[in-house]
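Q: got a sequence here, can you model it:
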Amino acid sequence: MKPVLDHIGIAVPALEPALEFYGATLGLGEPIIRLIPELGLRLAFFDNPDGPIIELVEASGKTELRHGDVVVALEVEDLDAAIAQYRARGLKVHDQPATENLPLRRGWITKGAGHGTVVELCPKGAVAAFVRGTRG
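A: Residues are numbered from 1 along each chain as shown. I've put the predicted structure just below:
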């Protein structure tokens, strides 16, 4: 399976002003908030059953994300195979294990290896299930 767009993440300095802009001004509605203290993350997801999820990311921990950076999250059928495939193509891919509050194992291609963009590799359906509370 060719990877497809799963969701887009947008780095913001603080969630509250961004929630007003994306939720009310742009009309995306009420977000689903997830706190991931072990990674220093506050996340807001605007779930759209007819299109990709939009995620706002407030990071206080170690991160290369800066205000306005976009994370392109690709859905993959087999995470292990995708990580191996991209590593075989010479990319540095991080394999991030699930955590207590973010029970999703994911792959990451950094901005340096991702042509200036962070690319997240997500198992098929895992992020939507997490956001909708059907997993984790």
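Q: so where is this structure shaky, pLDDT-wise?
A: For the chain, applying pLDDT under 70 flags the ranges 134-136.
Q: mind naming the longest helix for it?
A: In the chain, assigned by DSSP state H, the helix with the most residues is helix 79-88.
Q: what separates it from the chain centre, distance-wise?
A: From the chain centre to the centre of helix 79-88 is a distance of 18 Å (C-alpha atoms, centre = their mean, to the nearest Å).
Q: pull the CA atoms of it into CSV?
A: Output of helix 79-88 as CSV, limited to C-alpha atoms (Å, rounded to 0.1, in the frame of the first residue of the first chain):
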residue,chain,number,x,y,z
LEU,A,79,4.9,0.4,10.3
ASP,A,80,7.9,-2.0,10.6
ALA,A,81,8.0,-2.4,6.8
ALA,A,82,7.7,1.3,6.2
ILE,A,83,10.5,2.1,8.7
ALA,A,84,12.7,-0.5,7.1
GLN,A,85,11.9,0.7,3.6
TYR,A,86,12.7,4.3,4.3
ARG,A,87,15.9,3.4,6.2
ALA,A,88,17.0,1.3,3.2
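Q: mind listing what the next helix-or-strand element following that helix pairs with, with the direction of each?
A: Using DSSP states H and E, the helix or strand that follows helix 79-88 in sequence is strand 93-96. When pairing is defined by DSSP bridges, strand 93-96 lines up against strand 106-109 (antiparallel).
Q: give the buried residues for the strand it pairs with.
A: 106-109 (16 or more other C-beta atoms under 10 Å). The C-beta positions use only the backbone N, C-alpha and C, and glycine is treated the same way.
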